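Colleague: Structure of the sequence below:
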Amino acid sequence: MLNFHNTVVLKDTDRTDTNTMLSMPPGPSTYSATVVDVPFARHITLANPRTHRLIRLLLWTSIPLCAVILTDAIFMLYITSTRSFYLAPAAFGLTMLHHLIVLVISYFERRGRAPLEDGIPVTVSLGAIFGAWLSTLAWAAVAGVRCWLVVDDFNYPWVAMLDLVLGCIELGLAALETFLMGSIAYICTLERRKLVRDRERDNQARW
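Modeller: Alright, predicted model coming up:
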């Protein structure tokens with residue numbers, strides 16, 4: 001039994017697994033200390049904070065670019081009746097799912113409200129890296145198929161100029177999105193390797 005007359009919150013910063021907080025309500029009487037484990041409030045390991053800010057910036061940049069590509073693809077499909085294999089909408093859905101999950105979890109991680117994978121932020125987690133590479137392949141497929149369709153359309157003189165212009169626009173934007181997603185995946189992969197290497201070095205130093 002501990003005697004406290006004011007609200008006192010003690011945070012254990014020496015523990016690496018969880019943070020223990022002692023919370024006592026105010027009052028003149030005698031109160032018992034309640035131990036509360038907060039598993040989400042853990043230290044986030046960052047090899048380079050600027051790299052993680054760059055990753056989030058690239059993710060936010062990719063969202064409007066994907067929306068423009070989707071708009072162009074829908075316009076070509078339903079307005080000009082241009083041939084399409086629905087690759088752009090599929091790549092858009094996959095990319096948005098990846099971006100939203102990573103950005104939302106990253107938001108809560110920075111505020112200590114989300115669990116971490118061994119202290120490693122979600123931006124460089126294995127799932128995020130896999131999703132980034134998968135999205136890169138999806139947009140590469142969109143660019144490749146659209147390139148084939150544009151080249152094939154030049155062989156038919158009756159194809160409207162609007163179809164060719166929209167096809168070239170989608171091809172250029174899909175190639176740009178492929179480069180953007182590839183950059184995100186590559187940066188995340190390098191950052192995770194650096195984090196793992198630094199952690200192994202720290203563990204060896206402790207032994």
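
Colleague: When you work out contacts or count neighbours from here on, use the C-alpha atoms and nothing else.
Modeller: Noted.

Colleague: State the distance from Val104 to Ser135.
Modeller: Between Val104 and Ser135 the computed distance is 18 Å (Cα to Cα, to the nearest Å).

Colleague: Also Leu59?
Modeller: Distance from Leu59 to Ser135, by Cα to Cα: 12 Å.

Colleague: Find me the pLDDT at Arg111, would you?
Modeller: Looking at Arg111, its pLDDT is 81.

Colleague: quick one, what contacts Arg146?
Modeller: Applying Cα atoms under 8 Å, 6 or more residues apart in numbering, we find Arg146 in contact with Gly167, Glu170, Leu171.

Colleague: what's the closest non-adjacent residue to the last one?
Modeller: I take that to be Leu171. Nearest residue to Leu171, sequence neighbours excluded (Cα to Cα, 6 or more residues apart in numbering): Ala143, at 5.2 Å.

Colleague: quick one: low-confidence parts of this protein?
Modeller: Scanning the chain for pLDDT under 70 picks out the ranges 1-47, 79-84, 113-119, 159, 202-207.

Colleague: make it 80
Modeller: 1-49, 77-85, 112-120, 153-160, 162-163, 198-207 (pLDDT under 80).

Colleague: in it, which spans are helices?
Modeller: 49-78, 87-109, 126-153, 161-206 (DSSP state H).

Colleague: which helices and strands sit right next to the second one?
Modeller: Here helix 87-109 touches helix 49-78, helix 126-153, going by 3 or more Cα pairs under 8 Å, 6 or more residues apart in numbering; DSSP states H and E.

Colleague: List the buried residues for that helix?
Modeller: For helix 87-109, burial by neighbour count (16 or more other Cα atoms under 10 Å) applies to 87-89, 91-92, 94-96, 98-99, 102-103, 105-106, 109.
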